[in-house]
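Q: I'll drop the sequence and a predicted model, then ask my questions.
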Amino acid sequence: MDGTQVAFYLLAGLAVATSVLVVTGRNPVASLLFLVLSFFCLAGLFVTLEAHFLAAIQILVYAGAILVLFLFVIMLLNLGQGEPGLGLPSVPVLALSALSGLAFVALLVFTVREADIAPITPARIEAVDLAGQATVGSTEAIGTALFRDFLLPFEVTSLLLLVAMVGAVVLAKRER
Amino acid sequence: MDGTGLAISLAKAGFVAFLLLNAVPLLVWLERRGAAFIQDRIGPNRTSIAGFALAGLVQPLADVVKFMFKEDFVPPSANRTFYLLAPIITLIPALMTFAVVPFADVVRIGERLVQMQVADLNVGILYVFAIASLGVYGVVLAGWASNNKYSFLGSVRASAQMISYELSMGLSVLGLVMVFGTLQLDDMVRAQGARLFGVLPLWGIVLQPLGFLLFVISVFAETNRLPFDLAESEAELVVGYHTEYSSMKFATFFMAEYIAMTTGAALIVSLFLGGWQVPFVSSETLNGWTADLLGPGAGSWLAALIQFGSFSAKLGFFLWLFIWVRWTLPRFRYDQLMRLGWKVMLPLALANLLVTAAVLLVIDGAAGR
Amino acid sequence: MTPVTVKGVNPADVKDVARAQTDENRPWWVRTYIPAILGGMGVTMRHLIANLRNRRNTATIEYPEVKREYSPRFRGRHYLKKRPSGDPRCVACYMCATACPADCIFIVAGEHPDPAIEKYPVEFVIDGLRCIYCGYCVDACPEDAIAMTRDYEMAGYHREDFIWDKDYLLNWRDRVEREDGYQPYEGEIDKERMSRGRL
Amino acid sequence: MVPLSHYLALSAVLFTIGVLGVLTRRNAILVFLSIEIMLNAVNLSLVALTRATGNLDGQVTVFFVITVAAAEAAVGLAIVVAMFRRRETVDIGRFDVLRG
Amino acid sequence: MLRLAPLVPLLPLLGFLLNGLFGRRLSRGSIAAIGAGSVGLAFALTIGLFAALLALPAHDRSVEVDLFTWMSAGDFRLDAGLLLDPLSVTMALVVTGVGFLIHVYSAGYMREDPGLWRFFAYLNLFTFAMLVLVLADSYPLLFVGWEGVGLCSYLLIGFWYTEKINADAGKKAFIVNRVGDFAFLLGMFLIFRELGTLEFTPVFEAAPRALEAGGAAAFWIALLLFVGATGKSAQLPLHIWLPDAMQGPTPVSALIHAATMVTAGVYVVVRSHVLYLLAPDALLIVAVVGAATAIFAASIGLVQTDIKRVLAWSTISQLGYMFLGVGVAAFTAGIFHLVTHAFFKALLFLGAGSVIHAMHHEQDLRRMGGLRSKLPVTSLTMLIGALAIAGIPPLAGFFSKDEILWSAWAGGRQALWAIGFIAAGLTAFYMFRLVYLAFYGTPRDAEAHHHAHESPPVMTLPLVVLAVLSVVGGWIGIPHALGEPLGHVPNLLEHWLEPVFEDAEVLRAGAGEGMAERMAEAGELAMEYGLMAASIMIALLGIGLATLLYLRDPGRRERLTAGLAPLRHVLERKYYVDEIYHAVVVMPYLALSAFLWRVVDVVLIDGFVVRVVGGAVTWYSRIVSRLQTGLVQNYATAVFVGAVVMLGWFLLR
């Protein structure tokens, strides 16, 4: 068991645990902070996958911006203490969801096991690196891909953000 | 990573942590004495140990003791968990950011070349912004968990301010990133060893004067220092988000602010003032001299020490600048702050980026790319 | 719109001043405020350096060692003057208590054994926390029995410490050396000036 | 080295947790948080597959997912705020009519 | 040096950005300095480019400077780049040189306008777009410049947008141009479909191989491009916008609507000469349209009373000449006339601007007169311009116009020659009519005349420079017939442009019409001299007639106009073209819109479709709505369970 493996199992366990806490938590602020933790774990997992740029972006954008927005909303609506009526749903709904959820995971894991392409080995990484761009996951490689092959989607995304911004302002503005 | 490597890493991390935590009392001392001298006062000079007051340097120690032994008070209406968590969440990102700042050139230990930097991440500066963006959590939680309207207002202000100025901070550095073509701080510092026309050190401030100005202003805003300390404006908000904090929890906020200041200054130095580069003496030359003097191993240590001295001197200057500005400029009004951030800094940063890109394009074109 | 005119002010001048102060008429480098900021920082730095070089500029008085020299007419803590015999000169006439705007003097009069002196204060208490140190009692006293010192170092751990009784008022200056402060006026009184409210 | 399947399995587990959160929670904010979990689960599998195949498209997609998530959060939260103004609650069980 | 070529368009762009973004805060002096300075620098650089190109051997004088990859979609990949060859550099020299003079002039002319910064920003943007147009190395990039100049033209015509008539003129120009642009786009698509690329060099290399000479593809490409050119260059039938465009400030008229933008159509045809030589029918259409426009516009110019409108119709007419020249495959002659026309027409417009300036924005010729004594520099330079355009040797107009006419004759198009010939006489007549009405005779408006004053040096200096150019500008293209006897004076322009049209010679030789033979056959020196003399004669005749009618004997003019009243009326209404358009295009369009609104929308869609569809949906939804609980989560759960079941079925099957 080398360092990467240790890191993976540690982070995976923590990610699952915090995600469960997010979903089951009673206090939205607590849920949110657990989600931040979960995103940190995911960023860590990205690092084990050599996707450093995305790891940084994950924290910068997700944890640093999007979730802060959530936190703002929770605080401004004063939902922090949790509402009494907003706990977990009734037993039948829960049971149905849990059952289908379990089935879903089972199916997915089953599929994944069947469709395993190849284990990631050092030799393979090297081959991939040589075949692909300078280093898969480096900022440079992603930048090149974004501005060469994905230029149109990239520009469209910027438009999407603008539209979202305008929409958010219009929606949240107090009506006069 | 083998045992030695781990040990070296731990040693570096320990060194940096030691440095940062010890910088706090020093800065407190500098701030109080500096303020006093600027205002024609004397400043703390009373506390002494066995008669040695050390020009007031003992005062921070006394403060520490006081913070530790004061009553640890939690307001009854506060949300206890988050109230306790907030100062810690504020402190950790402040401490973590320094990890990517290089403070000297490589040092030779036996056969091993050791990077004088806690973590050499290939996303370097991006990591700084990522971690810095988390600082807002502590502030928001502190204000909200205190359940005090002044705290809450302070935290809302502070977070809006931090988010707003994060943009111009990031954008102002991007120009430099484009010039150097790397995100790694140590590469940037190394690149700044070059000279312009063989005379002027090719520091970031020479390449990106506007970027430098914007970055410095943004760092002031990010660290909530005057003239941007709206979040704690004593007169209106009774010090804002940490109104309800006392004793060691307050001290934690205090430490976080000063560490953030140190980190900010270290970033300014590394990005725009050549980091550990000794002006006019390239790293190779310096290493050559010291190696002649002491041999390659010990020589690299001496060189690193000199470079660390250079780094510290620049760092010290900027820390002093923080203090100096604080006792010179008055506080902004909130609308002025937002206007400056969004309508002046951001467009300027964008323009700077555009111009830099255009110039780089022309230079690349002229170089016959 | 009719121009607002102020007596004695040429409207043209006002306009010029107003225009000079609008931002638009300043050159752009001024409007960046950078020169002004640098100027301000120069000011603070000059002070710092001056203070590093010599301390004469500092306004601070290092208090316990160095004390501020107050006016000889400073109105600090009161004391009761004594006769040569050691008794208080006070004759318990209640003039001071009557004059006191803060109502902080409490006197119980008693028959004095000496027939030349009608009364003496059995109790004479000043509440130092109520007192506003106006000095009216000193002026009111016909016997020159109460006076003020230049003492301002009045700290105490309990409120009771500030209830000064006769014994304390008579004798506290024996324990601590304090200069005299406000004394009753002893010169000629110019009635006319007094009537104009000035002594 | 960790096999790809482990990453994908982890992604599946996280995704399901997110789905269950969306299905069972009635607090709109928590529903949003659960959606974020789902998005991130997918991101994880995309990054893992990128690593396995050496094709960078996966990571670029993750980049877009994060951007879209930001837009979604902004608009979604604006809707929640607007709803809260009207209903004084964020219980999605109460958002059951199409009229305002 | 050639690598600096991108700076040529970028400098005006920088000027535009500076003035456009910060103009409000700059002083008037610095606005003008930025505006004129950026173009002046670009001019200097262009001269540098010219010199650098000249230093290369003749056959290597075609340099492509790549800038960046503009777009790539699938197999299609387009790099933005600049093409530097004698043709484009000639155009760039004209654009920056004349442009610079007009910028300088504008600094005086627009001195007191509150929108000065806007004006200079637009002018700079125009210069940028025009330079992109002429320096582009591909049709799409050319089209960017093409649209850019159109935009600037629109902005500048409506520069004083607070008056509706100006804004309307701008809109008219924009809309009429769209018609041409649409055809141009179609032409581009056709090129791409036939040749698979849009960059000039590959297109022109592939065209002779891929396109059948005289075939339909070549014909349609050439025709569509030409329709685009008629829009931009105000040729029949899309000429209607240019006279209205005179609502813009006069320097704009000089720069955009006389010297540069309107010649873009000529440039495009010349640039695409390879395609045109493959389509002789299209070329003939070009020539016919050019000749028709030349005489048509010249005749209208006879009766105009607005000083700028006379010049506008004259411009249309002169552009007709250029197309006539190009249409008879005399590309050099077309470009030559383009260059000289830029000089003297800019001069005439600027002179007119000076007059208007002096008369306090009076443009009506009938209220001028006798201004010669008041405006000595303006009147002298205007006279030179009029002589140049009338075709009096040795001024510039003579050489270029004559070369076109000679080419028409030599190309076997004697009919076209005759039309051009008559138009030349008309040109001389209306130009001198203008000069006499404005500068000679007695003042008709004593008040305005009294206040008239010569313009400041910043305005007259460009006039003088342009006047000098109008005199000597023609000497770069002295025809062999004249050059040989004068001591072997070479035809510099032809020599310089030769590499560009080399391939044209080859094609021409192979063209079915056998033009080359015919040219050789007809190219007798005697004939050439004769024609030359004839055209001088008709120019003198026109001038003489104008002198007679407008200077010597106005009474005869009255009688003459009374006799020709119906013709005059037709000319004054510009052959009723605008009215015809209104009746043929605008009215049916409005009627169609009304039909769509009242019948299709109100009756069909709102009345029938909406009610029926809506009713059906209401009925159906009443049934389906029973399933709705209103809770999104219930639906989501159903979806999720369904997804799991389907997934399970697929995976475990």
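A: Arrived safely. It should be emphasised that the depicted structure is a prediction, and the values quoted were computed from it without experimental measurement.
Q: longest strand anywhere in chain E?
A: For chain E, the strand with the greatest residue count under DSSP state E is strand E:63-73.
Q: lowest-confidence helix or strand of chain E?
A: helix E:515-522 (a mean of 48; mean pLDDT, DSSP states H and E).
Q: show me where pLDDT drops low in chain D?
A: Applying pLDDT under 70 to chain D flags residues D:1, D:95-100.
Q: I meant to write the stretch 151-300 of chain B there.
A: Applying pLDDT under 70 to the stretch 151-300 of chain B flags the ranges B:196-198, B:231, B:233-237.
Q: near chain A, which residues of it?
A: B:152, B:156, B:159, B:163, B:166, B:183 (C-beta under 8 Å from any C-beta of the partner chain). From N, CA and C alone the C-beta is placed, and that goes for glycine too.
Q: how does it look with 10 Å?
A: By C-beta under 10 Å from any C-beta of the partner chain, the part of the stretch 151-300 of chain B that sits against chain A consists of B:152, B:155-156, B:159-160, B:162-163, B:166, B:170, B:177, B:181-184.
Q: gap between the longest strand of chain E and the chain center?
A: Counting by C-alpha atoms, centre = their mean, to the nearest Å, strand E:63-73 is centred 26 Å from the centre of its parent chain.
Q: next structured bit after the helix or strand hosting residue D:10?
A: Residue D:10 belongs to helix D:4-24 when assigned by DSSP states H and E. Moving toward the C-terminus from helix D:4-24, the next helix or strand (DSSP H and E) is helix D:28-53.
Q: does chain B have contacts with that following helix?
A: No: on the criterion C-beta under 10 Å from any C-beta, helix D:28-53 is out of touch with chain B, staying 14.5 Å away.
Q: report the buried residues of that helix.
A: By neighbour count on 16 or more other C-beta atoms under 10 Å in any protein chain shown, the buried set for helix D:28-53 is D:28-53.
Q: ditto for stretch B:340-351
A: B:340, B:341, B:345, B:346, B:348, B:349.
Q: and the nearest residue to the second one once chain neighbours are set aside, how far is that from chain A?
A: For residue B:341, ignoring the flanking residues on the chain, the nearest one in space by C-beta to C-beta, 6 or more residues apart in numbering or on different chains is residue B:164 at 4.1 Å. Counting by C-beta to the nearest C-beta, to the nearest Å, the gap between residue B:164 and chain A amounts to 12 Å.
Q: circling back: now, the buried residues of stretch B:340-351 that are in strands?
A: Among those, no residue falls in strands (DSSP E).
Q: from those residues, which land in helices?
A: Under the assignment DSSP state H, these contribute B:346, B:348, B:349 to helices.
Q: can you name the residues that contact the second one?
A: With contacts defined as C-beta atoms under 10 Å, 6 or more residues apart in numbering or on different chains, residue B:348 is in contact with B:168, B:171, B:172, B:210, B:211, B:213, B:214, B:217.
Q: who wins for neighbours among the residues you listed?
A: Counting neighbours by other C-beta atoms under 10 Å in any protein chain shown, residue B:172 leads the contacts of residue B:348 with 29 neighbours.
Q: and chain E, which of its residues are near chain C?
A: Residues of chain E lying near chain C (C-beta under 10 Å from any C-beta): E:22, E:24, E:25, E:26.
Q: enumerate every residue touching residue D:13.
A: Per C-beta under 10 Å, 6+ apart, neighbours of residue D:13: A:12, A:15, A:16, A:19, A:20, A:101, A:104, A:105, A:108, A:109, D:41.
Q: which bits of chain D sit near chain B?
A: Taking C-beta under 10 Å from any C-beta, no part of chain D reaches chain B.
Q: can you check chain C too?
A: Counting by C-beta under 10 Å from any C-beta, the residues of chain C lying close to chain B are C:32-34, C:36-52, C:55, C:57-62, C:64.
Q: so what's the residue count around the closest residue to residue E:267 other than its chain neighbours?
A: Excluding its sequence neighbours, the residue lying closest to residue E:267 (C-beta to C-beta, 6+ apart) is residue E:91, at 5.8 Å. If you count neighbours by other C-beta under 10 Å, residue E:91 ends up with 27.
Q: contacts only, for residue B:23.
A: Contact analysis of residue B:23 by C-beta under 10 Å, 6+ apart lists B:30, B:255, B:258, B:259, B:261, B:262, B:263, B:265, B:315, B:316, B:319.
Q: tell me which element it is part of?
A: helix B:3-38.
Q: buried sites along that helix?
A: Neighbour-count burial for helix B:3-38 flags B:8, B:12, B:16, B:19-20, B:23-25, B:27-38 (criterion: 16+ other C-beta under 10 Å).
Q: now do the residue lying closest to residue C:152 once chain neighbours are set aside against chain D, distance only.
A: Closest residue to residue C:152 apart from its sequence neighbours, by C-beta to C-beta, 6+ apart: residue C:76 at 5.2 Å. As judged by C-beta to the nearest C-beta, residue C:76 and chain D stand 63 Å apart.
Q: just confirm residue C:76 contacts residue C:179, I think it does.
A: Yes: contact criterion C-beta atoms under 10 Å: residue C:76 and residue C:179 qualify, at 9.0 Å.
Q: ok, longest strand in chain C?
A: Per DSSP E, chain C has its longest strand at strand C:119-127.
Q: what lines up beside that strand in the sheet?
A: Using DSSP bridges, the strands paired with strand C:119-127 are strand C:105-111 (antiparallel), strand C:163-164 (antiparallel).
Q: out of the ones you listed, nearest to residue E:305?
A: Evaluated over the strands paired with strand C:119-127, closeness to residue E:305 peaks at strand C:105-111, with 108.3 Å, by C-beta to C-beta.
Q: in space, what's closest to the closest residue to chain C within chain E - neighbours in sequence excluded?
A: The nearest approach of chain E to chain C comes at residue E:25, 7.0 Å away (C-beta to the nearest C-beta). Counting by C-beta to C-beta, 6+ apart, residue E:25 lies nearest to residue C:28, which is 7.0 Å off, once chain neighbours are set aside.
Q: before we move on, back to that, out of the contacts of residue B:348, who's nearest residue B:192?
A: Residue B:192 lies nearest to residue B:211 out of the contacts of residue B:348, by C-beta to C-beta, at 13.5 Å.
Q: so the closest one makes contact with residue B:180?
A: No: under the criterion of C-beta under 10 Å, residue B:211 makes no contact with residue B:180, lying 11.8 Å away.
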